[in-house]
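Asker: Got a predicted model here, sequence first, then my questions.
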Amino acid sequence: MKGQLRGAPRIVRVAAAQMGPIQVSDSRESCVQRLCALLHRAADQGATLVVFPELALTTFFPRWFVEDISMVDHYYERSMPSPATAPLFAAARDRNIGFSLGYAELTADGQRFNTQVLVDQTANVVAKYRKVHIPGHASHEPGRAFQHAERYYFSPSDEGFGVWSAFGGRVGMMICNDRRWPETYRELGLQGVELIVCGYNTPLNYIPDPSQDRLAGFHHALVMQAGAYQNGTFVVGVAKGGCEEGVDSLAESLIIAPSGEVLAKTVGNGDEVVVADCDLEWCKNYQNTLFDLDYYRRPEAYRRHIAQRGPSTKADGSPLR
Ligand code: CDV
């Protein structure tokens, strides 16, 4: 066990910039204006990194199904920065503040991903992450009050999880449903992550099992606090909350310490900024003691983690026997 606890502070002042709803009638330009206003509020509070939600440039379009997917091409970005987001990058450069931003990505060869970029204080894109765990369904389900057709509109990442040197530390990314999976945090933990940034859109009505609805905020905090503690990392989860096109979504954006404690939380469900000083050295108190992964993990006892996908299937989806 390394045993070395925190040294001289390495503080990153992080802002969680929650958004309220984006309606279908809201233009990309109006969203970018809101993001710029949030960025300025974060910069005014001395933040060096501001975290924005998942799919922050448009309404959450997977709640509708269209037979011809090209009909929704206008919801995707073909480049980042794009012409519409250029003012956000300019504001970041002017204010010397980095950001993470979620958007729908359409690649030159026609692939569609649910993507998040990490942008440094000089407005350079330092990392791009594509969502690994795609929830919902892949075809139209007419019986539902609203669709959650992410598996129709997005392919899962072909790249997996990354951690990048940025903001004086080791920064990882995840998107919405990824936060519910312990594998996400461990993949990042095994790369020495110190700060995980995550945007989300979480409807408060979970149609496959409404008994979970009253627990939406509890489950959201539970998984992120556990993931932070078990990997000795800061976790920042940022919502697009409120009532969007008739669908209520969870707000409750959180900044969580490696101890698992909540350092900051939004109070409303609209556009709102909360900040916290994240001393990345704090990670050592956990990563070098209880969760010294190198010292204590037993990968030889965890073989099923990569050999199987679920209780009865191998990783490739074929039956166990
Ligand atoms: N955007 C999401 O990934 N939402 C899921 C919902 C479908 C449960 C989430 O995990 O919050």
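Answerer: Okay, I see it. These numbers were taken from a predicted model, which means no experiment stands behind them.
Asker: buried set for the host helix or strand of residue 224?
Answerer: Per DSSP states H and E: residue 224 is located in helix 216-231. Using 16 or more other Cβ atoms under 10 Å as the test for burial, helix 216-231 gives 216, 220-221, 223-225, 227-231. To be clear about C-beta, it is placed using only N, CA and C from the backbone, and glycine gets the same treatment.
Asker: interface residues of this structure facing the ligand?
Answerer: Residues of the chain lying near the ligand by Cβ under 6 Å from any ligand atom: 54, 135-136, 148, 176-177, 180, 200-202, 206.
Asker: same thing but 5 Å
Answerer: Residues of the chain found near the ligand (Cβ under 5 Å from any ligand atom) are 135, 176-177, 201-202.
Asker: top of those residues by neighbour count?
Answerer: Among these, residue 201 has the most neighbours (other Cβ atoms under 10 Å), with 29 neighbours.
Asker: Let me know whether it touches residue 237 as I believe.
Answerer: No. The pair residue 201 / residue 237 is not scored as a contact, 11.6 Å apart, by Cβ atoms under 8 Å.
Asker: shared neighbours, the two?
Answerer: By Cβ atoms under 8 Å, 6 or more residues apart in numbering, residue 201 and residue 237 have no common neighbours.
Asker: Same list, the buried residues of helix 216-231, but as a markdown table with pLDDT and distance to residue 248 please.
Answerer: Converted to a markdown table, these look like this (pLDDT from 0 to 100; distance: Cβ to Cβ, whole Å):
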| residue | pLDDT | distance to residue 248 |
| --- | --- | --- |
| 216 | 98 | 10 |
| 220 | 99 | 14 |
| 221 | 99 | 18 |
| 223 | 99 | 20 |
| 224 | 99 | 20 |
| 225 | 99 | 23 |
| 227 | 99 | 25 |
| 228 | 99 | 26 |
| 229 | 99 | 29 |
| 230 | 99 | 30 |
| 231 | 99 | 31 |
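Asker: now for the residues you listed, which pair is the farthest apart?
Answerer: In terms of Cβ to Cβ, those reach their longest pairwise distance at 216 and 231, which sit 23.3 Å apart.
Asker: Just after the strand or helix carrying residue 170, pick out the following helix or strand.
Answerer: Per DSSP H and E, residue 170 falls inside strand 169-175. Per DSSP H and E, the first helix or strand lying C-terminal to strand 169-175 is helix 182-189.
Asker: next one: that next one to chain centre, how far?
Answerer: For helix 182-189, the separation from the chain centroid amounts to 13 Å (computed by Cα atoms, centre = their mean, to the nearest Å).
Asker: tilt between it and strand 169-175?
Answerer: 160 degrees (axes from the mean of the first three to the mean of the last three Cα atoms, to 10 degrees).
Asker: Tell me the secondary structure at the residue nearest the centre of the chain.
Answerer: With distances taken as Cα atoms, centre = their mean, the residue of the chain nearest its centroid is residue 198 (2.1 Å). Assigned with DSSP: H, G, I helix; E, B strand; the rest coil, residue 198 falls in the strand class.
Asker: any idea where the helices of the chain begin and end?
Answerer: Taking DSSP state H, the helices of the chain run over residues 28-44, 86-95, 150-153, 182-189, 216-231, 284-287, 293-296, 304-307.
Asker: What's the separation between residue 158 and the ligand?
Answerer: 18 Å (Cβ to the nearest ligand atom, to the nearest Å).
Asker: State the pLDDT value of that residue.
Answerer: Per-residue pLDDT puts residue 158 at 93.
Asker: Could you find the closest non-adjacent residue to it?
Answerer: Using Cβ to Cβ, 6 or more residues apart in numbering and skipping the chain neighbours, the partner closest in space to residue 158 is residue 130 (7.5 Å).
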